[in-house]
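Peer 1: Give me a 3D structure for the following:
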Amino acid sequence: MRVADTADLWYKNAVVYCLDVGTYLDSDGDGTGDFHGLCQRIDYLAEIGVTCIWLMPFYPSPNRDNGYDVKDHYGVGEPYGDHGDVVELIRLAHDRGIRVIVDLIINHTSDQHPWFRKARASTDNPYRDYYVWRSDPPPDTSDQTMFPDAEDGIWYYDEKTGEYYLHHFFHHQPDLNTANPQVRDEIAKVMGFWLQLGVDGFRVDAVPFAINQATLTGKDAHAFEEPHDYLRSLRAFLQRRSSTSRSAIMLGEVNLPHEEQATFFGGREGDQLTMQFDFYTNQKLFLALARQEAAPLAEALRSRPEELSPDVQYANFLRNHDELTLDLLPEEERREVFDAFGPEEGMRLYGRGLRRRLPPMLDGDPRRIAMAYSLLFSLPGTPVLLYGEELGMGENLDVEGRGAVRTPMQWSRDKNGGFSTARPSRLPRPMVEGPYGPEHVNAAAARRDEESLLNHITRLAKRYRESPEIGWGATTIIDVPEPSVLAHAVTWEIRSLVLLHNLAPEPVVVPVELPDEAEGTVLVDLLREGSLRLDASRRVQVELDGYGYRWLRVKRENDHRLV
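Peer 2: The predicted structure follows:
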């Protein structure tokens with residue numbers, strides 16, 4: 001692999017950091033975070049090791065769904081700043097080697113979007129076909145809505161025109177008809193606009209819903225010949241318009257089993273989504289944590305499709321800005337995770353997920369939390385962090401719904417955690433209180449504590465960036481006799497790394513066999529002093545503390561990297 005190739009495929013060894021501008025840092029005291037505040041924290045992100053910022057929606061919006069109800073795809077919400085501030089952020093980030101991607105919402109708009117307002121003007125106006133309508137009463141679709149606690153179906157009656165419009169999410173978010181070529185052209189124009197301003201790609205929201213043909217009405221004259229052709233066209237447009245060596249990306253939200261995710265990559269061609277969040281592995285990971293057994297996670301990694309383009313990539317995460325969805329797990333396994341990490345009804349959401357952050361789920365055990373993030377950075381693929389994860393922030397269960405994990409960033413012990421000088425009532429959401437509040441968990445204190453989670457994640461990000469085999473290499477699950485231990489090796493070209501994680505609190509000694517390596521081969525520990533050497537049977541005994549972890553580099557004569 002040439003150096004130029006690895007530079008173009010930068011996302012395969014990136015550290016992605018998701019943040020909401022409105023809850024990150026308020027620079028002017030109005031109670032809402034803004035781009036000027038975010039610009040003041042670029043060096044903080046660079047110090048952690050972040051190489052890609054994912055900006056959640058900052059577009060003008062009624063904010064009934066955290067900005068995903070967009071009413072202007074080209075604008076910047078007034079509290080956050082203006083286009084000049086966005087350009088300044090991109091410039092500052094690029095100056096520090098950090099790329100910037102933004103949310104692209106192609107499945108729906110706000111009901112206040114000009115397209116939908118025009119679509120409601122009559123049943124025969126040019127914008128009517130931007131959305132999906134039906135005149136006859138719909139059947140019971142309560143089992144198809146994404147928000148069963150809030151919506152009783154996916155069709156909503158529009159009194160103005162006497163017809164029903166489709167909405168898989170909230171009723172104030174009508175679904176776009178992406179089978180309409182005019183809608184597809186509009187979305188391409190939106191992509192072109194933000195690419196021209198310098199963004200490095202898009203996190204594409206709710207991808208399967210955007211190409212779903214099952215709910216299109218019979219009168220629709222513009223059905224896809226093949227729905228995935230739309231993703232191919234978006235990818236082709238992205239590559240034509242990308243100004244950085246065709247290296248802009250589409251990171252897709254596709255909550256499906258692995259065999260179905262392969263289709264959204266484009267299989268061997270790799271001509272659709274550049275990256276996808278691995279929801280299946282994420283859910284099996286939490287089942288493994290609940291059981292303190294590695295088997296569910298090992299099974300998930302083994303089930304990743306092999307027939308994929310080498311240019312595509314999985315994105316790994318522990319928590320994100322939504323609920324921890326568990327809908328890919330059978331009901332019995334889901335109950336296990338609920339019982340372990342969300343025993344109270346108020347911790348659960350929509351019957352399928354947990355509205356909690358990781359540290360409280362793990363009872364604040366620093367050993368277990370540190371192991372979990374070591375596991376995140378060691379999984380084959382690209383790690384994604386949600387803002388505040390690096391500090392060990394908790395949730396505020398007094399906040400409704402998903403907002404429990406979307407509280408303001410905790411910078412210091414000062415008023416409102418250093419996020420804003422405004423009155424607390426003016427903040428986007430209340431601050432976390434109690435043992436995870438800013439008086440106990442904040443960036444200022446964590447930076448000065450060598451043993452803090454912040455410094456732990458910073459070290460992990462550095463070792464991950466120095467170990468391209470994690471993002472680029474082939475993965476082998478190593479069989480070990482201890483059920484609590486996940487052992488896997490990643491190999492890329494002449495480089496190999498052996499990674500072990502103990503999911504249980506009891507210390508263990510694990511025999512690891514590497515039959516393809518020579519006797520005497522040295523395994524150098526990347527996270528602490530020391531090394532191990534393979535014996536005549538190509539084995540080594542690895543000691544792991546309770547919730548312990550080891551990153552062992554296979555040191556070969558022709559490997560000139562520093563260790």
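
Peer 1: going forward, measure contacts between C-alpha atoms and count neighbours the same way
Peer 2: Will do.

Peer 1: check contacts around the closest residue to residue 348 other than its chain neighbours.
Peer 2: Spatial nearest neighbour of residue 348, chain neighbours left out: residue 354 (4.5 Å); criterion: CA to CA, 6 or more residues apart in numbering. By CA atoms under 8 Å, 6 or more residues apart in numbering, the contact list for residue 354 reads 323-325, 338, 342, 347-348.

Peer 1: could you dump these to CSV with pLDDT, distance to residue 13 and neighbour count?
Peer 2: Converted to CSV, the contacts of residue 354 look like this (pLDDT from 0 to 100; distance: CA to CA, whole Å; neighbours: other CA atoms under 10 Å):
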residue, pLDDT, distance to residue 13, neighbour count
323, 96, 26, 22
324, 98, 25, 23
325, 97, 26, 23
338, 98, 33, 23
342, 98, 33, 19
347, 98, 34, 20
348, 97, 33, 22
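
Peer 1: Restricted to strands, list the residues you listed.
Peer 2: Those of those mapping onto strands are 324-325, 348, per DSSP state E.

Peer 1: on that earlier part again, beta-bridge partners for the residue nearest to residue 348, please?
Peer 2: residue 324, residue 348 (DSSP bridges).

Peer 1: Check the gap between it and residue 313 for me.
Peer 2: 26 Å (CA to CA, to the nearest Å).

Peer 1: Please apply the same query to residue 351.
Peer 2: 30 Å.

Peer 1: More neighbours: those two, which one.
Peer 2: Taking neighbours as other CA atoms under 10 Å, residue 351 and residue 313 compare with residue 313 leading, 26 against 15.

Peer 1: related to what we said a few turns ago, quick check: of the ones in strands among the contacts of residue 354, which lies closest to residue 123?
Peer 2: residue 325 (37.7 Å; CA to CA).

Peer 1: hang on, isn't the closest one packed against residue 284?
Peer 2: No - using CA atoms under 8 Å as the test, residue 325 is too far from residue 284 to be in contact (11.1 Å).

Peer 1: got the CA positions of stretch 275-285 in CSV?
Peer 2: Extracted in CSV, the C-alpha atoms of stretch 275-285 (Å, rounded to 0.1, in the frame of the first residue of the first chain):
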residue,chain,number,x,y,z
MET,A,275,-18.3,3.8,6.3
GLN,A,276,-21.1,2.4,8.4
PHE,A,277,-21.7,2.3,12.2
ASP,A,278,-21.5,-1.3,13.3
PHE,A,279,-24.7,-1.4,15.3
TYR,A,280,-24.7,-5.2,15.4
THR,A,281,-21.3,-5.5,17.0
ASN,A,282,-22.2,-2.6,19.4
GLN,A,283,-25.2,-4.5,20.7
LYS,A,284,-23.3,-7.8,21.0
LEU,A,285,-20.6,-5.9,22.9
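
Peer 1: Give the buried residues for it.
Peer 2: Using 16 or more other CA atoms under 10 Å as the test for burial, stretch 275-285 gives 275-285.

Peer 1: from those, which ones fall inside helices?
Peer 2: Among those, the residues falling in helices (DSSP state H) are 279-285.

Peer 1: With pLDDT and distance to residue 468 as new columns, can the buried residues of stretch 275-285 be given to me in JSON lines?
Peer 2: Shown next, in JSON lines, are the buried residues of stretch 275-285 (pLDDT from 0 to 100; distance: CA to CA, whole Å):
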{"residue": "275", "pLDDT": "98", "distance to residue 468": "17"}
{"residue": "276", "pLDDT": "98", "distance to residue 468": "19"}
{"residue": "277", "pLDDT": "98", "distance to residue 468": "19"}
{"residue": "278", "pLDDT": "98", "distance to residue 468": "19"}
{"residue": "279", "pLDDT": "98", "distance to residue 468": "23"}
{"residue": "280", "pLDDT": "98", "distance to residue 468": "23"}
{"residue": "281", "pLDDT": "98", "distance to residue 468": "21"}
{"residue": "282", "pLDDT": "98", "distance to residue 468": "21"}
{"residue": "283", "pLDDT": "98", "distance to residue 468": "25"}
{"residue": "284", "pLDDT": "98", "distance to residue 468": "25"}
{"residue": "285", "pLDDT": "98", "distance to residue 468": "22"}
